[in-house]
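Enquirer: please find the sequence and the predicted model below.
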Amino acid sequence: MEILKIEIKNENKILSKLEEDIKNLGGNYDYNPIWQSIWWNLMLQKTGYIKKWFFIWIYEKNELKNYILIEKRSIWAGFYALFVLGWPANIYKINELKDELVNLWKEENTVYIQIEPLENDIIFEWFKDIKLKIFIEKCTVLIDLEKSEQEILAWMKQKWRYNIKIAEKNDVKIEKALNNEKNLNIFYDLLKETNSRDNFNINSLSYFKNFLNYLYENDLWWLYFAKKWDKVIAAWIFVFYEKTAAYYYGASTSDNNFRKYMATYLLQWEMILEAKKRWCTLYDFLWITCEDDKKSHLIWVSDFKLKLSQNVKKWPKSQIYINKKAIFILFYFKNFLKKFLK
């Protein structure tokens, strides 16, 4: 058994080989999290949202058995934390990887480590359940793409099927957008319009520019438009990674003269069909309000997603390892005050 660690700085032949090995390993799983892929890490580096990336992996007889990708992010006034999203995918030598992760905080001098796990039975010693920033919302809606089109439609609420027909009847067109500044601005203007309606946080325009540039260059996912009379009335970004397709970002007009055409419903349906063509086995709507959370910022979108499927998946709670208790307490109190004063 060989355990190795590197800091990810740029694309090279070693990383290409590791990404290929990750894909081969992920082929054994039903759910493929994009957050534990090398290309996702490299894309975020280009957006400037992270300070460093690290990759720790285990090989045995020249075969990748398990791995972990770690983000180092700024949290407050020169202090940093380590974040691990969508890990672990399996439990092979899990404690050895956990020990390497804990050792990393000493080298990087971080305040805490936060893991957002996807396995319900993984509980690490010394890690605590403390609610801080959530990167992966704890509930999502999934569609089994191995079902037939008729079966998927049957699982949808009748209102969804009806709204798809309204969009088709009114000649709403769905098209893949070219990656250029004009289309980026169309998407971002619609996103700001959606934000003013539904009140959620959005990333900067420069983030989406770097984001889309990297994804188009690597043929990873795309921006799609829904149009009526050549006017873009909805614009969404979808990802197709291994066996999992995901609806990642969405924006739509607030003009009721166009909302009545139900373009977003047809856009989702066309992407479900596209995912089936790409041999994906799961379609992930990426996050809804959990049943016990009445104050979630996702309430506005949850009803929309639950009309497509009632297959709700709940991920485990975050786990946090505190390295610098005094600084962590100050940081936690600052966040509490910020939420209280909103």
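Expert: It's in.
Enquirer: what about the helices in the stretch 151-300 of the chain?
Expert: 158-169, 181-198, 205-217, 256-259, 263-277, 299-306 (DSSP state H, counting those that start in this stretch).
Enquirer: wait, I meant the stretch 1-150 of the chain
Expert: 13-26, 38-47, 94-108, 149-155.
Enquirer: so which of the helices of the stretch 151-300 of the chain gets nearest residue 227?
Expert: helix 263-277 (8.0 Å; Cβ to Cβ). Any C-beta I mention is one placed from the backbone N, CA and C, and that applies to glycine too.
Enquirer: pLDDT value on residue 73, please?
Expert: Per-residue pLDDT puts residue 73 at 91.
Enquirer: ditto for residue 139
Expert: 85.
Enquirer: ok, back up a step: if you average pLDDT over each of the helices of the stretch 151-300 of the chain, which is lowest?
Expert: When I compare those, helix 299-306 is least confident, with a mean of 72.
Enquirer: and after that helix, which helix or strand comes next?
Expert: Downstream of helix 299-306, the first helix or strand assigned by DSSP states H and E is strand 312-314.
Enquirer: and that next one, what other elements does it pack with?
Expert: Applying 3 or more Cβ pairs under 8 Å, 6 or more residues apart in numbering; DSSP states H and E, one finds that strand 312-314 contacts strand 139-144.
Enquirer: rewinding a little: mean neighbour count, the helices of the stretch 151-300 of the chain: which tops it?
Expert: helix 263-277 (a mean of 21; mean count of other Cβ atoms under 10 Å).
Enquirer: how far off helix 158-169 does it point, in degrees?
Expert: If you take axes from the mean of the first three to the mean of the last three Cα atoms, to 10 degrees, helix 263-277 sits at 90 degrees to helix 158-169.
Enquirer: going forward can the numbers begin at 37, since that is how I track them
Expert: From this message on, residue numbering opens at 37, which makes the last subject helix 299-313.
Enquirer: tell me what helix 299-313 is packed against?
Expert: helix 185-191, helix 194-205, strand 209-212, strand 257-264, strand 267-277, strand 280-288, strand 318-320.
Enquirer: chain center to the second one, what's the gap?
Expert: Which is helix 194-205. 27 Å (Cα atoms, centre = their mean, to the nearest Å).
Enquirer: pull that helix out as PDB, backbone CA atoms only.
Expert: The C-alpha trace of helix 194-205 is given here as PDB (Å, rounded to 0.1, in the frame of the first residue of the first chain):
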ATOM      1  CA  GLN A 194     -49.500  15.900 -13.000                       C
ATOM      2  CA  LYS A 195     -48.900  19.700 -12.900                       C
ATOM      3  CA  TRP A 196     -45.400  19.100 -14.200                       C
ATOM      4  CA  ARG A 197     -46.500  17.000 -17.100                       C
ATOM      5  CA  TYR A 198     -49.100  19.700 -17.900                       C
ATOM      6  CA  ASN A 199     -46.600  22.500 -17.800                       C
ATOM      7  CA  ILE A 200     -44.200  20.700 -20.200                       C
ATOM      8  CA  LYS A 201     -47.000  20.400 -22.700                       C
ATOM      9  CA  ILE A 202     -47.800  24.100 -22.300                       C
ATOM     10  CA  ALA A 203     -44.200  25.000 -23.200                       C
ATOM     11  CA  GLU A 204     -44.200  22.600 -26.100                       C
ATOM     12  CA  LYS A 205     -47.500  23.900 -27.400                       C
END
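Enquirer: which residues sit against it?
Expert: For helix 194-205, contacts defined as Cβ atoms under 8 Å, 6 or more residues apart in numbering pick out 189, 262, 297, 298, 299, 301, 302, 305, 343, 344.
Enquirer: send the alpha carbons of the worst-scoring helix or strand of the chain on mean pLDDT over as CSV?
Expert: When each helix and strand of the chain is scored by mean pLDDT, DSSP states H and E, helix 335-342 comes last, with a mean of 72. Listed next in CSV are the C-alpha coordinates belonging to helix 335-342 (Å, rounded to 0.1, in the frame of the first residue of the first chain):
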residue,chain,number,x,y,z
ILE,A,335,-37.9,26.9,0.2
TRP,A,336,-38.6,28.9,-3.0
VAL,A,337,-37.1,26.3,-5.3
SER,A,338,-38.0,23.1,-3.4
ASP,A,339,-41.6,23.0,-4.5
PHE,A,340,-40.5,23.3,-8.1
LYS,A,341,-38.1,20.3,-7.8
LEU,A,342,-40.4,18.1,-5.8
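Enquirer: gap between that helix and the chain center?
Expert: The answer for helix 335-342 is 17 Å, by Cα atoms, centre = their mean.
Enquirer: what's the answer for stretch 350-361, then?
Expert: In terms of Cα atoms, centre = their mean, the centre of stretch 350-361 is found 19 Å from the chain centre.
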